[in-house]
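In: all I have is the shape, not the residue letters:
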Ligand code: B12
Ligand code: SF4
């Protein structure tokens, strides 16, 4: 069976709480989840699939069609967030028209939330929900083996399948994978030079994952209270060494909070130093999971930036979001980080239910005091099936289950709503622009950035990012 793993062109993606122009200019990250699925498939079957990442390779619909005709795959597998469901639907239709016998399988965060609804959509033959690596391979193998097909498909947990218009969604796979059983993502299927990041610190960027899951309870997040698991430090180091061999010198750990298991992380940092591995990297962390020992180890081993989810300065709002942190903890962690010479990105939120405009600007002032290298002010958005979404429905702020409507009938006319009793979307967008302007145009920020510039590349990266943020509303 010939398999094409595909990241479709982004033409119909929804605009999220971060303006599309800002999101779009940041560069291209690899689809690590799909590369993991491809890696497992390759290891188990010995078949070599094809991988086309249209946005990264700048492949448009016409070029994709040409390559599709040449490859003539039996199955196309795509990974989707809610934000690019429409892109996947559109391209599924185009490819199916080209080859009516083509089988189409979707997986990823959106499918994990809405397996049945996604399977019910036209052109979709299979959905995989949960950790997709073994499930997808079981599906591909089942389709190739002899014997009654429905029996084989019915026995695969985490799979949904459609035959003659009838959808069947099997029970979920409840067993989590041992992360050391995973092969490394199938990076050899993509041209790594096409991935980059506007504010990276190196010549060649790529992503890696050392842990899965997060025990914290932030209500706006899909990953909330999921089982935390780690790979062994040896395996992570081996993968980093492979990446360095490939020319990668700038890594992003996509882990939600890699700092939860400090022992493992310290071992990884230690090994990077001991083995003299030359790598710059950035991570994401909760402020309450770092301490001086961890920060020092990160600094020594090449960590140049930490992404902190800080959200707000107001304890009332932090509590509302069940963030489980205080402004004092935030200040402590940010100071530790600054003192160790690691930069940080402050993710802030405005438009939290019941928040006043004054409080939003207090959050900007707080962000300025923390002295991050970058700050992003997102409009608080209840994403599908999050605790925040259900909470806002209970309070009557979100008046209808509109994500359910989108999942059942995704149309390009759909626009994400910013639910607030106190502000219109236009007002919120204007406040968001004001927040970015207050932050990035503040003399203290500009002086600090000029003082910190290490090289011309560093300066131009910062200037590009700053310009992008300030002009993102203008769609440039
Ligand atoms: C890194 C990351 C990014 C990066 C890179 C994205 C990329 N190219 O992959 C950046 C910064 C660009 C990004 C942007 C955004 N992101 Co993001 N991101 C993540 C993060 C932290 C990690 C993703 C990852 O690599 N995971 C590791 C892999 C191994 O896991 P996975 O992708 O889930 O894949 C597994 C399964 O889902 C399944 N699977 C996945 N795909 C497929 C496909 C097939 C065929 C099969 C069989 C199985 C399968 O198997 C995989 C292996 O087990 C996740 C949170 C998380 N922990 O997943 C959020 C997350 C995916 N992002 C999210 C969001 C909301 C966004 C933004 C909209 C944020 C915003 N701007 O407001 C944008 C959207 C950008 C866009 N244009 O689409 C949400 C998605 C929610 C949803 N309902 O879709 C998540 C879940 C975080 C959250 N808030 O809860 N993101
Ligand atoms: S700490 Fe991050 S990953 Fe964990 S629940 Fe909160 S937002 Fe989600």
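Out: Yep, it's here. Bear in mind the structure is a predicted one, so any value in this text is a computation, not a measurement. Ligands and ions are numbered 1, 2, ... in the order given.

In: who in the protein is up against ligand 2?
Out: Within the chain, the positions lying close to ligand 2 (C-beta under 6 Å from any ligand atom) are 214, 216, 218, 221, 223-224, 256-257, 286, 309. All C-beta spots, glycine's among them, are computed from the backbone N, C-alpha and C.

In: of those, list those near ligand 1.
Out: For ligand 1, the contacts drawn from those by C-beta under 6 Å from any ligand atom are 221, 223, 256.

In: residue contacts, the second one?
Out: Going back to what we said before, that points to residue 223. Neighbouring residues of residue 223 by C-beta atoms under 8 Å, 6 or more residues apart in numbering: 213-214, 256.

In: still on that earlier bit, tell me the one of the residues of the chain next to ligand 2 nearest residue 125?
Out: residue 223 (28.1 Å; C-beta to C-beta).

In: and the lowest mean pLDDT element among the helices and strands of this protein?
Out: Using mean pLDDT, DSSP states H and E, helix 20-24 stands out as the lowest-scoring helix or strand of the chain, at a mean of 53.

In: give me the next element, helix or strand, following it.
Out: Where DSSP states H and E defines the elements, the next helix or strand beyond helix 20-24 is strand 27-28.

In: what does the stretch 351-476 of the chain have sitting close to ligand 1?
Out: Residues of the stretch 351-476 of the chain lying close to ligand 1 (C-beta under 6 Å from any ligand atom) are 383-384.

In: strands of the stretch 151-300 of the chain, start to end?
Out: Assigned by DSSP state E, counting those that start in this stretch, the stretch 151-300 of the chain shows strands spanning 159-163, 166-169, 196-197, 205-208, 211-212, 229-230, 250-253, 280-285.

In: quick one: which of these is nearest residue 182?
Out: So among the strands of the stretch 151-300 of the chain, strand 211-212 is nearest, using C-beta to C-beta, at 9.6 Å.

In: nearest to ligand 1: which residue in the stretch 201-350 of the chain?
Out: residue 222 (3.0 Å; C-beta to the nearest ligand atom).

In: typed the wrong thing, it's the stretch 351-476 of the chain
Out: As assessed by C-beta to the nearest ligand atom, ligand 1 sits closest to residue 384 within the stretch 351-476 of the chain, at 4.9 Å.

In: mind checking the SS state of that residue?
Out: Of the three states, residue 384 takes coil under DSSP: H, G, I helix; E, B strand; the rest coil.

In: confidence score at the spatially most central residue of the chain?
Out: Nearest to the centroid of the C-alpha atoms of the chain, with distances taken as C-alpha atoms, centre = their mean, sits residue 254, at 7.3 Å. Turning to residue 254, the model gives it a pLDDT of 97.

In: neighbours of residue 309, just the number please.
Out: 23 (other C-beta atoms under 10 Å).

In: that one contacts residue 214, correct?
Out: No - the pair residue 309 / residue 214 is not scored as a contact, 10.5 Å apart, by C-beta atoms under 8 Å.

In: coming back round to it: list the contacts for the residue nearest to the centre of the chain?
Out: Contacts for residue 254 (C-beta under 8 Å, 6+ apart) come out as 32, 207-209, 284.

In: that older thread, the residue of the stretch 201-350 of the chain closest to ligand 1: how many residues sit nearby?
Out: Neighbour tally, residue 222, other C-beta under 10 Å: 18.

In: now do the phi/psi pair for it.
Out: Backbone torsions for residue 222, taken as degrees, to the nearest 10, come to phi -70, psi -30.

In: hang on, the earlier thing: would you format the strands of the stretch 151-300 of the chain as CSV with mean neighbour count and distance to ligand 1 included?
Out: Listed next are the strands of the stretch 151-300 of the chain as CSV, based on neighbours: other C-beta atoms under 10 Å; distance: least, C-beta to the nearest ligand atom, whole Å:
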stretch, mean neighbour count, distance to ligand 1
strand 159-163, 22, 9
strand 166-169, 14, 14
strand 196-197, 18, 9
strand 205-208, 22, 6
strand 211-212, 21, 7
strand 229-230, 18, 11
strand 250-253, 22, 7
strand 280-285, 22, 7
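
In: so what's the residue count around the residue nearest to residue 114 when sequence neighbours are not counted?
Out: Nearest residue to residue 114, sequence neighbours excluded (C-beta to C-beta, 6 or more residues apart in numbering): residue 407, at 4.1 Å. For residue 407, the count of nearby residues is 23 (other C-beta under 10 Å).

In: residue 347: what secondary structure?
Out: The local conformation at residue 347, judged by three-state DSSP, is strand.

In: quick one: it and residue 287, what's the gap?
Out: Applying C-beta to C-beta, to the nearest Å, the value for residue 347 to residue 287 is 11 Å.

In: low-confidence ranges, the protein, go.
Out: Counting by pLDDT under 70, the chain has low-confidence residues at 16-26, 452-476.

In: domain assignment for it?
Out: As given by automatic domain parsing, the domain ranges for the chain are 3-169, 214-228+280-440.

In: can you give me the end-to-end distance of the longest one?
Out: Going back to what we said before, that points to domain 214-228+280-440. Start and end residues of domain 214-228+280-440 are separated by 31 Å (C-alpha to C-alpha, to the nearest Å).

In: and it, how far out from the chain middle?
Out: With C-alpha atoms, centre = their mean, to the nearest Å as the basis, domain 214-228+280-440 stands 14 Å off its chain's centre.
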